[in-house]
Structures are given as structure tokens and as C-alpha cells.
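Novice: Dropping a prediction and its sequence here:
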Amino acid sequence: MLTRLRNASAAKHETVDMPYSKFKANIAEILKREGFIKDFAAKEAKVGQTLEVTLKYGPNGERSIQGIKRISKPGLRRYAKSDSLPMPLGGLGIAIISTSSGLLTQKECLDRGIGGEIVAYVW
């Protein structure tokens, strides 16, 4: 999902489609709430569902998503405690954290005092 968003943003596409999952929908919800994408919707496909993400651009065509980096990978999981959560770009970006309360940003984790698996950085 992250690579599809990165490539579509670099190519200045309006929308990008990908196979649907609850995890991807939760990531899209965080990106919409933080202002990185316009909207997302689950649509029926021939088999299963498709997640359609509408990308957001500035008035002069500037990309809202400047970069996305996956942190925790299947070969090496990355975890952070509540007192050592990352702040991408000194707080200008967001870190998406998978917690026992669901997917949250690092700011929400700090407010709740919980840690978890660092999924990705978005700036």
C-alpha cells in the first residue's frame, strides 16, 4: 500500500486502487485525518473489494505526501515504548503505530501513554 501511494503521488495521479483490507483502511483513515489524502472508499470488485484512495495536491500541484517509509518489516519488527516514540522530521511528519488500541499516530500514543509496533513514517 505504501509503495502504491508513493508511486501514485510521484506520478501525480488523482486516485490509486489497491486490494482492500481493514489494516489498509485504518491507515487510509489516519492519512485522511492528518490531511495527507482527500478521501478513500471501499468498492466492490470482481473478487472481493478494492480500496480507492483519492490523493491530495496543493494549489500549484505540490504533493501532500512528500515521503513514506516503512519501518517495521517482516524480517525485523520495530517496537517503541510510550516514552521513546519517534518524531519524524522533528514532529513535522507522523509515525503510524500499531497498538493494542488499534492504529494510532505517535501524538495519540503520547496522549494515551501507550507504545507499539512502528508501521511507517509519513511526511
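Specialist: That came through, no problem.

Novice: which one in the chain is furthest away from the centre?
Specialist: K46 (26.0 Å; Cα atoms, centre = their mean).

Novice: Report the secondary structure state of that one.
Specialist: coil (DSSP: H, G, I helix; E, B strand; the rest coil).

Novice: Quick check: phi and psi on it?
Specialist: Backbone geometry at K46, expressed as degrees, to the nearest 10, gives phi -60, psi -40.

Novice: Quick one: residues contacting the residue nearest in space to the middle of the chain.
Specialist: Closest to where the C-alpha atoms of the chain average out (Cα atoms, centre = their mean) is I27, at 4.4 Å. Taking Cβ atoms under 8 Å, 6 or more residues apart in numbering as the criterion, I27 is in contact with 1, 96, 103, 119-120. (Glycine included, C-beta is placed from N, CA and C.)

Novice: Mind giving me the ChimeraX select for those, buried ones only?
Specialist: Applying 16 or more other Cβ atoms under 10 Å to these, the buried members can be selected in ChimeraX as follows:
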select :1,96,103,119,120
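
Novice: Let me know the closest of the contacts of I27 to G113.
Specialist: Using Cβ to Cβ, L103 is the member of the contacts of I27 that lies nearest G113, at 16.8 Å.

Novice: so is the closest one in a helix, a strand, or just coil?
Specialist: Relying on three-state DSSP, one would call L103 strand.

Novice: do you know how far it is from A120?
Specialist: As judged by Cβ to Cβ, to the nearest Å, L103 and A120 stand 10 Å apart.

Novice: Pull up the overlap in contacts between the two.
Specialist: With Cβ under 8 Å, 6+ apart, L103 and A120 have common neighbours 27, 96.

Novice: And the residue farthest from the centre of the chain, what's its pLDDT?
Specialist: pLDDT for K46: 91.

Novice: And for the one 4 residues further on?
Specialist: Among the per-residue scores, T50 shows a pLDDT of 97.
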